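Undergrad: give me coordinates for this.
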Amino acid sequence: MTRIERLLGATAGEEVELPVDLIVTDDWTTPALRAPLESLGCERSAVPIVLVRDHTLSEEHYRGEEKARVKRLRETEEWFVSRFGATLISGQGIQHHVLPGSGLLRPGMLVLGNDSHTPTLAAYGVTAFAAQPTTIAVAVHTGKLVLRVPESLLVRVEGRLPAGVSVRDASLTLLDLLRGGGQVPRLATGMALEFSGPGLVGLSESQRAVLANATPEAVAVTCTFPLHGEAESGQADLLLDLSAARPSLARSGQPADVISLSEFGHTRVDRVFVGTCAGGTYEEVRDFAEALGGARVAVPTIVAPASLETEARLRREGILARLEAAGVTLLPPGCGPCFGFGVGRLADDEVAVVTGNRNSLGRMGSPRAQIHLASGRTAGEAALRGSIGARQGGQVERPSGARPVVVWPRSGNVVRLLGTITTDDITPSAVPGVGTSSDPDPGVVRRLLFHHLDPSSAERNLAGAVIVADENFGVGSNRASSVRALQLAGVAAVIVRSFAPLYAMGARDEGLLLLRITEDEFYDLATPEAQVVVDPDGGSVRVGGSVFSVSRPSPYEQQLRAAGGVVAWLRSRQGGPMAQLRPLPT
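TA: Now for the predicted structure:
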């Protein structure tokens, strides 16, 4: 058995119901829990809950629309803590770096989180899954999670990091390897990353956490690390040689579009941000400061440590004082800058170097801005020079990936989406004058749909439309809105080459039909003039006189779809059992 099979007590592909030991939510995503919880009539939680205030700072940090947004978040936070007895952690930093020292985690726990990077906690001995808000709400109500046990991709870690190279560079290298020579990560899609090997011995828990943090960008469902006393078994599917890692950079638009820094063409940099759950660790901030070498930054630069503990260590060692003297703006620990909240959004044609984990179009502001992902040391060099990449030849680096495109139906019912469609593409985190992805107002959610790809989508009638998309559909941040916006628009089904597992679980629980077809012939036929007819229970999709097979739903999935989602299904059963409970092995 693989490690994840042993942890979950079932074989890959089996659909199981598991008891949840701890639920983690946060200030930004909790509003999306309210509607399903109230619809379920849930008055108390069946599971211990912790709410970490990490996406926003105190109200005085904000102005205008952002300040009003934070005020509403606090009202929801107060309701949630009061009603469900959640433990509130405020002002400590980003949840994935705060929880390990909180005393709330125990080895072997199953943790369910409302943030897509919840699998980061696997570095601390727990089994951790991210889930969309409706799935979280059901776990609050029932104490259970239903999922299919994933297959595993065994990653053997060897060697030691060279001088001047950080584990953030190694995590970018991992994402590059997972492309398997293609344009996007595909080797681990829907799988569990199973880390092992002697290279792990030389990494601290926080450094392992940086590797684990790449799980959603790898389009994996979770990750695991060796259990105490566990013997290595099985042939490695992928070798991550830390000694071969080099300073690297992910070009704007795709976190796995990784190249060596030495190969990156020269381009100016307008802003630098060091922080997030991927790059706000002590090591990354320290490396950033070392790269500055006491000189002043040449461009506006923000540093936000991942946790209060990290901030305190940096202050004790005099690193924060040196950064302040260098003209760096220091923010309290938190997530907000990762998605452009509270720091001034990127404008058209601005270029940012960020130590974060996501760089989809519009992630931090304008979809015409560029966001390059890098390590702390590389970010320091960019802040010092106001540019990045090789200087020779005056070459200007452009994003390598094609911008996602939406092609609307002409005479058929197909909405063709070309390229990697992230949840930022489906419903952006925030659009000035429209709203935010966590807004409970269905009108706001509908207007956000595909806003950065084509704002006209807000006015289009998509009733009965079938979305046809490419690989890794729905990768990125956890957004209930990214499922609900399609439902509000009347979309009948989504057919893709592959999908992000977090998005797929959300679609299942909301009752959105999500199907996978890999044959090239289907995508040749599914043009904007085509009429696609879907028969999910019969396991078929018809287009242009051709019929393609799709996986039939499990009995559980079929019941959810027939009921219109898991909330309606649970209400119809009046709290009856969800499935055959399979407890975690002790």
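Undergrad: so Gly506 is in which element?
TA: Secondary structure assigned from DSSP states H and E places Gly506 in helix 501-510.
Undergrad: just the element for Ala137, please.
TA: Residue-wise, Ala137 maps onto helix 133-142 under DSSP H and E.
Undergrad: can you name the residues in contact with that helix?
TA: Contacts to helix 133-142, defined as Cβ atoms under 8 Å, 6 or more residues apart in numbering, come from residues 20, 23, 25, 29, 32-33, 36-37, 40, 42, 45-47, 49, 84, 112-114, 131, 144-145, 478, 480, 505-506, 509-510, 565-567, 570, 575, 578. Heads up, the C-betas are built off the backbone N, CA and C, glycines and all.
Undergrad: next one: it to chain centre, how far?
TA: Distance of helix 133-142 from its chain centroid, counting by Cα atoms, centre = their mean, to the nearest Å, is 19 Å.
Undergrad: could you dump the helix or strand just after that helix to CSV, C-alpha only?
TA: Proceeding N to C from helix 133-142, the next assigned helix or strand is strand 144-148, under DSSP H and E. Provided in CSV are the C-alpha atoms of strand 144-148 (Å, rounded to 0.1, in the frame of the first residue of the first chain):
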residue,chain,number,x,y,z
LYS,A,144,-17.2,13.8,8.1
LEU,A,145,-15.5,14.1,4.7
VAL,A,146,-16.2,11.9,1.6
LEU,A,147,-13.5,11.6,-0.9
ARG,A,148,-11.8,9.1,-3.3
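Undergrad: just checking: what are the partner strands of strand 144-148?
TA: Using DSSP bridges, strand 144-148 pairs in its sheet with strand 15-19 (antiparallel).
Undergrad: now the partner strand: buried residues?
TA: 15-19 (16 or more other Cβ atoms under 10 Å).
Undergrad: make TSV out of those and add distance to Ala188.
TA: TSV is the format used below for those (distance: Cβ to Cβ, whole Å):
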residue	distance to Ala188
Glu15	20
Val16	21
Glu17	25
Leu18	21
Pro19	26
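Undergrad: what is the nearest of those residues to Gly253?
TA: Proximity of those to Gly253 (Cβ to Cβ) peaks at Glu15, which lies at 34.9 Å.
Undergrad: read off the pLDDT value for the closest one.
TA: Glu15 carries a pLDDT value of 96.
Undergrad: what's the answer for Gln395, then?
TA: Reading off the model, Gln395 has pLDDT 45.
Undergrad: likewise for Arg391?
TA: 62.
Undergrad: now do Arg63
TA: pLDDT at Arg63 comes out at 88.
Undergrad: list the contacts for it?
TA: Arg63 touches nothing, counting by Cβ under 8 Å, 6+ apart.
Undergrad: the helix holding Gly506 - contacts with which helices or strands?
TA: helix 133-142, helix 480-488, strand 514-516, helix 555-563, helix 566-573 (3 or more Cβ pairs under 8 Å, 6 or more residues apart in numbering; DSSP states H and E).
Undergrad: of the ones you listed, which is nearest Leu73?
TA: Comparing the helices and strands packed on helix 501-510 under Cβ to Cβ, the one sitting nearest is helix 133-142, at 14.2 Å.
Undergrad: what's the angle between the closest one and helix 501-510?
TA: 60 degrees (axes from the mean of the first three to the mean of the last three Cα atoms, to 10 degrees).
Undergrad: what's the mean pLDDT across helix 133-142?
TA: pLDDT averaged over helix 133-142 gives 96.
Undergrad: between helix 566-573 and that helix, find me the angle.
TA: Using the same axes, to 10 degrees: helix 133-142 against helix 566-573 is 30 degrees.
Undergrad: who touches Ala46 in this structure?
TA: 139-143.
Undergrad: quick one: which of the residues you listed is nearest to Gly412?
TA: Among these, Ala139 lies closest to Gly412 (Cβ to Cβ), at 39.3 Å.
Undergrad: quick one: that closest one and Val415, what's the gap?
TA: When Cβ to Cβ, to the nearest Å is applied, the distance between Ala139 and Val415 equals 32 Å.
Undergrad: now swap in Ser248 and tell me
TA: Distance from Ser248 to Val415, by Cβ to Cβ: 35 Å.
Undergrad: so what strands line up beside the top strand by length along the chain?
TA: Identified as the longest strand of the chain according to DSSP state E is strand 152-158. Strand pairing for strand 152-158, determined by DSSP bridges: strand 192-196 (parallel), strand 238-241 (parallel).
Undergrad: tell me the helices and strands packed up against the following helix or strand past it.
TA: Next helix or strand after strand 152-158 toward the C-terminus (DSSP H and E): helix 167-177. The helices and strands touching helix 167-177, judged by 3+ Cβ pairs under 8 Å, 6+ apart, are helix 205-212, strand 238-241, strand 248-250, strand 258-260, helix 276-279, strand 370-374.
Undergrad: tell me which of the ones you listed sits nearest to Gly389.
TA: strand 248-250 (8.0 Å).
Undergrad: got the contact list for the closest one?
TA: So strand 248-250 is contacted by 169, 172-173, 175-176, 256-261, 264, 359, 372-375, 378, 388 (Cβ under 8 Å, 6+ apart).
Undergrad: swap the cut-off to 7 Å and go again
TA: Strand 248-250 has contacts (Cβ atoms under 7 Å, 6 or more residues apart in numbering) with 169, 172-173, 256-261, 264, 359, 372-374, 378.
Undergrad: quick one: Gly93 and Ala306 touch, right?
TA: Yes - applying Cβ atoms under 7 Å as the test, Gly93 and Ala306 come out as touching, 5.6 Å apart.
Undergrad: which of the two has more neighbours?
TA: Ala306 (29 against 26; other Cβ atoms under 10 Å).
Undergrad: mind listing what that one touches?
TA: 93-94, 97, 275, 277, 280-281, 333 are the contacts of Ala306 under Cβ under 7 Å, 6+ apart.
Undergrad: nearest spatial neighbour of it, chain-adjacent residues omitted?
TA: Of all residues not flanking Ala306 in the chain, Gly280 sits nearest, at 3.3 Å (Cβ to Cβ, 6 or more residues apart in numbering).
Undergrad: and Ala562, how many residues sit next to it?
TA: For Ala562, using other Cβ under 10 Å, the count is 13.
Undergrad: ditto for Ala256
TA: Neighbour tally, Ala256, other Cβ under 10 Å: 27.
Undergrad: ok, now which ones touch it?
TA: By Cβ under 7 Å, 6+ apart, the residues touching Ala256 are 175-176, 178-179, 184-185, 217, 250.
Undergrad: same thing but 10 Å
TA: Contact analysis of Ala256 by Cβ atoms under 10 Å, 6 or more residues apart in numbering lists 172, 174-179, 182-186, 214, 217-219, 250, 373, 401, 420, 472, 475.
Undergrad: in the stretch 151-300 of the chain, where is pLDDT below threshold?
TA: Where the stretch 151-300 of the chain drops to pLDDT under 70, the residues are 229, 233.
Undergrad: the stretch 451-586 of the chain now?
TA: 574-586.
Undergrad: rerun that using 50 as the cut-off
TA: 577, 579-586 (pLDDT under 50).
Undergrad: before we move on, the earlier item: and of the contacts of Ala46, the nearest to Ala493?
TA: Nearest to Ala493 among the contacts of Ala46, with distances taken as Cβ to Cβ, is Ala139, at 26.5 Å.
Undergrad: tell me which residues in the top helix by length along the chain are buried?
TA: Counting by DSSP state H, the longest helix found in the chain is helix 64-84. Buried residues in helix 64-84, counted by 16+ other Cβ under 10 Å: 66, 69-70, 73, 76-77, 80, 84.
Undergrad: likewise for stretch 194-202?
TA: For stretch 194-202, burial by neighbour count (16+ other Cβ under 10 Å) applies to 194-197, 199-200.
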